[in-house]
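Trainee: generate coordinates for the sequence data below:
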Amino acid sequence: MELAVGTVVAGYTIEGVLGAGGMGTVYRAKHPSLPRSDALKILSAELSRDKEFRERFAREADIAGSLDHPNIVTIHDRGETEDGRLWIAMQYVQGSDADKEALAGRMPARRAVHIITEVAKALDYAHRRRVLHRDIKPANFLLAPNDERILLGDFGIARLFDDTGLTQTNAVMASVAYAAPEAFGDGPVDHRADIYSLGCALFRMLTKKAPFSQPDKGIAATITGHLSHPVPRVSTLVTGIPPAFDEVIGKAMAKEPDARYQSAGEMAAAAARALEQRGPEEAGLAGQTLEWTATPPQPQPPLPTTPPQFNGPAPVIDDSVITYPSGHFSGPRPFTLPGGATPPQFPPAPPDSSTGPQVRGPRRRRRAMMVAAIAMTVVLAAGAGLWLWRSANGEAYQAQSLTHMHGTTELTSAPHAVAALGPDDGDAVRSRGVQPVALTAPRGELPGWARSALTGTPTVMSSIDTTAVAAAEPDLIIATGDIDPVTYERLRAIAPTITRPQNSGSGWTWQSQQTWDGRILGRETKASELLGTLQSVQADLRNQHPQFAGKSIGAVSISDDEVSEILTPSFTAEYLESLGFRYSQRLQRNPVDGQSTTRPIADPNELYRIESDALVVVRTDQGAGWGGYDGLPKQLTAYTGAMVIVDQPDVIAALGQPGGYLAARYLDDNFVAALARDIK
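Mentor: Next up is the predicted model:
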């Protein structure tokens, strides 16, 4: 039963109903002492008596209340009513939400990108604090009048990344229309699931449709779409949307998390760039500035003197549950099939030639997730929230004995706090879905693409500092670089320590490092899958850029102190060869070079000897910036091939790494386009 207007709850005076649903009711309520109205969410009496739901409701308040960001709805207080019902008081935003605005036809691309950008700020803030939202959708993007403020609401099903859950079944909740593929399986779900949902939200805002929603075919068809269908092209669905948006949404909604943007801000920046590719003639707006009509401020309705009357139950959105202030409630409602009913069956859909770009994950994983989806025992009205049941236990860690350069280490259980101390062990560990508690990086600074793969605040060192490592309290140390016996013993005194495999010799590559680290973590299969995915992506890039095939290429680095040639074997050379280039044989490493990947050029006139078809020039000198040629050695002016200037710090960091999956994927997304622009 809803509370009447004028009822006082925990000092708040009820002013009206904002929404009602399966978990309870949300009211507009006058603050006990301040001249403002808050949104008061009160859990139903039935659920308030349920211990599990009480704990989850309290967790919602604790998590959301810990977040302090201008783009996140503020949690003011929480407590319990005299009759035992739990409540949360939160910021009340008068206005609209992105879903309502889109459906009303007030969502041009520029406004959609602006909203996504503001929401991305909130998401990245939450992710840095190890909090998932888990219900990203336009209805939770709250818009103050004239879009003066854009807030992300309803962290109602958020949970900490490392939280094991509050139910014995390890249930996961999501709104199916926006749920990432991994949410339907039994593997880990991290911040990249929110990024997938953000891509779905942008699709909805631009098209008024959820990407895979098929109301006439039910929830099963939607799940199938997330698991196996390519993403439809928004440019073919809406006139005037530039094809660049297809690429942005296609990457955000990649089936495999590693193929997506690794932060919400990265996705928002890509969407902003796509917007700038919108020609005025495409939109029929030549010579005009693209604007939208914001929802004007609405005056507060007078408070009724009698309780509101309804002809039937409280208003319900999506035939399920609703909440403040947009009419959508993210709280869970468990569903089960009626006794004896069988789960829905559905065939895989044929490929759609009109779909956008997609990096496809391994078939085995998609098949397993499809089986999990088919086996789900859920009944759901279209668009409603649901419980997605997952196995309580993941794959068990197999005890193993690992022989390495400094001895043999026995591991009997999966590590939970890993220090990744070798060159790019951090890349190998993070790309396996493990967040290290300590790692090393050149100068103790992580590039942006490496930071975006982190969800915590690990200790970052320029070199191994055993005192700092001990303070991070690891339960396993991986250090595949060159460490002396004394350092190894100091590390082993902190936690079990594993170095490079015994007799690895010259066969040790970044790929073998990825496989070795994956084996240590009990994720060797995942390591093989990622390397296979990378090979597939780079094969696609070769097909997309046939002009690379067979062209000779070399690379030099230019700093204020020296000019050096980049040798082969090295990650730079290997990466360029993976795209179809032929790395200059003149730059082969020789015994004098030792293990160095660069060779200083003592005589600048040596630059005249460069005869490759293309040359990558990596600039860190004072004249670097904006891809310019100013300040280059004059000898390079005589070079007749195609010259590609690289002076963007994150690209330089990726090329300079010993090698890794994350570095390679960053180059795929941010370096290949520059090569294609300058090499015809």
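
Trainee: for the top strand by length along the chain, packing partners?
Mentor: The strand that spans the most residues within the chain, counting by DSSP state E, is strand 12-20. Judged by 3 or more C-beta pairs under 8 Å, 6 or more residues apart in numbering; DSSP states H and E, strand 12-20 is in contact with strand 24-30, strand 37-43. C-beta: built from backbone N, CA, C; applies to glycine.

Trainee: would you list those strands in JSON lines and tack on mean pLDDT, mean neighbour count and distance to Ala468?
Mentor: Listed next are the helices and strands packed on strand 12-20 as JSON lines, based on pLDDT from 0 to 100; neighbours: other C-beta atoms under 10 Å; distance: least, C-beta to C-beta, whole Å:
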{"stretch": "strand 24-30", "mean pLDDT": "85", "mean neighbour count": "25", "distance to Ala468": "47"}
{"stretch": "strand 37-43", "mean pLDDT": "85", "mean neighbour count": "25", "distance to Ala468": "43"}
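
Trainee: Lys551 is nearest to which of the ones you listed?
Mentor: strand 37-43 (61.0 Å; C-beta to C-beta).

Trainee: distance from the helix or strand where Gln535 lies to the middle of the chain?
Mentor: Per DSSP states H and E: Gln535 is located in helix 524-544. Offset of helix 524-544 from its chain centre (C-alpha atoms, centre = their mean, to the nearest Å): 19 Å.

Trainee: what is the mean pLDDT for it?
Mentor: The average pLDDT within helix 524-544 is 83.

Trainee: please verify my assumption that Tyr608 contacts Lys634.
Mentor: No - with contact defined as C-beta atoms under 8 Å, Tyr608 does not reach Lys634; the gap is 10.5 Å.

Trainee: the two: which has the busier surroundings?
Mentor: Between Tyr608 and Lys634, counting by other C-beta atoms under 10 Å, Tyr608 is the more crowded of the two (12 against 8).

Trainee: relative to Ile553, how far out is the more buried one?
Mentor: 18 Å (C-beta to C-beta, to the nearest Å).

Trainee: with Thr7 instead?
Mentor: From Thr7 across to Ile553, the span is 74 Å (C-beta to C-beta).

Trainee: tell me which of these two has more neighbours.
Mentor: Neighbours per residue (other C-beta under 10 Å) separate Thr7 from Ile553, with Ile553 holding more: 25 against 14.

Trainee: pretty sure Pro138 sits against Ala201.
Mentor: Yes - taking C-beta under 8 Å as the definition, Pro138 is a contact partner of Ala201 at 5.1 Å.

Trainee: ranges for the helices of the stretch 1-150 of the chain?
Mentor: Residue ranges of the helices in the stretch 1-150 of the chain, as given by DSSP state H, counting those that start in this stretch, are 45-48, 51-65, 98-103, 109-128.

Trainee: who does the third one touch, helix- and strand-wise?
Mentor: Under the contact criterion of 3+ C-beta pairs under 8 Å, 6+ apart, the helices and strands touching helix 98-103 comprise helix 109-128, strand 141-143, helix 191-207.

Trainee: for Arg134, which of the ones you listed is the nearest?
Mentor: Smallest distance to Arg134 across these (C-beta to C-beta): 7.1 Å, for helix 191-207.

Trainee: and the closest one with helix 109-128, angle?
Mentor: 170 degrees (axes from the mean of the first three to the mean of the last three C-alpha atoms, to 10 degrees).

Trainee: after helix 191-207, which helix or strand is next?
Mentor: From helix 191-207, the next helix or strand downstream (DSSP H and E) is helix 219-228.

Trainee: output the below-cut-off pLDDT ranges for the stretch 151-300 of the chain.
Mentor: Applying pLDDT under 70 to the stretch 151-300 of the chain picks out residues 156-174, 186, 215-216, 218, 278-300.

Trainee: just the helices in it please.
Mentor: Counting by DSSP H, counting those that start in this stretch, the helices of the stretch 151-300 of the chain are 191-207, 219-228, 234-237, 244-252, 264-276, 280-283.

Trainee: now swap in the stretch 401-550 of the chain and tell me
Mentor: Residue ranges of the helices in the stretch 401-550 of the chain, as given by DSSP H, counting those that start in this stretch, are 425-430, 448-451, 466-471, 485-494, 510-520, 524-544.

Trainee: can you tell me which of those helices is most buried?
Mentor: The highest mean neighbour count among those, using mean count of other C-beta atoms under 10 Å, belongs to helix 425-430: a mean of 28.

Trainee: packing partners for that helix?
Mentor: So helix 425-430, by 3+ C-beta pairs under 8 Å, 6+ apart, packs with strand 418-420, strand 438-440, helix 448-451, strand 476-478, helix 510-520, helix 661-670.

Trainee: rebuild these as a markdown table, extending it with distance to Leu103 and mean pLDDT.
Mentor: Formatted as a markdown table, those follow (distance: least, C-beta to C-beta, whole Å; pLDDT from 0 to 100):
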| stretch | distance to Leu103 | mean pLDDT |
| --- | --- | --- |
| strand 418-420 | 46 | 94 |
| strand 438-440 | 46 | 92 |
| helix 448-451 | 36 | 82 |
| strand 476-478 | 50 | 95 |
| helix 510-520 | 45 | 88 |
| helix 661-670 | 33 | 88 |
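
Trainee: dump these to JSON lines, plus distance to Glu2.
Mentor: Formatted as JSON lines, the helices and strands packed on helix 425-430 follow (distance: least, C-beta to C-beta, whole Å):
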{"stretch": "strand 418-420", "distance to Glu2": "51"}
{"stretch": "strand 438-440", "distance to Glu2": "53"}
{"stretch": "helix 448-451", "distance to Glu2": "47"}
{"stretch": "strand 476-478", "distance to Glu2": "54"}
{"stretch": "helix 510-520", "distance to Glu2": "54"}
{"stretch": "helix 661-670", "distance to Glu2": "51"}
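
Trainee: still on that earlier bit, ok, the longest strand of the chain: who's next to it in the sheet?
Mentor: Partners of strand 12-20 in the sheet, by DSSP bridges, are strand 8-9 (antiparallel), strand 24-30 (antiparallel).

Trainee: now render these as JSON lines, adding distance to Asp630.
Mentor: Below are the strands paired with strand 12-20 laid out as JSON lines (distance: least, C-beta to C-beta, whole Å):
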{"stretch": "strand 8-9", "distance to Asp630": "68"}
{"stretch": "strand 24-30", "distance to Asp630": "60"}
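
Trainee: spatially nearest residue to the spatially most central residue of the chain, not counting backbone neighbours?
Mentor: Closest to where the C-alpha atoms of the chain average out (C-alpha atoms, centre = their mean) is Arg192, at 2.7 Å. Leaving aside its sequence neighbours, Arg192 sits nearest to Pro257 (C-beta to C-beta, 6 or more residues apart in numbering; 3.9 Å).

Trainee: I figured that neighbour hits Gly185, correct?
Mentor: No - contact between Pro257 and Gly185 fails when scored by C-beta under 8 Å: they sit 11.5 Å apart.

Trainee: ok, Thr515 - contacts?
Mentor: Applying C-beta atoms under 8 Å, 6 or more residues apart in numbering, we find Thr515 in contact with Glu524, Ala527, Ser528, Leu531.

Trainee: isn't the last one up against Gly659?
Mentor: Okay, so that is Leu531. No - with contact defined as C-beta under 8 Å, Leu531 does not reach Gly659; the gap is 11.4 Å.
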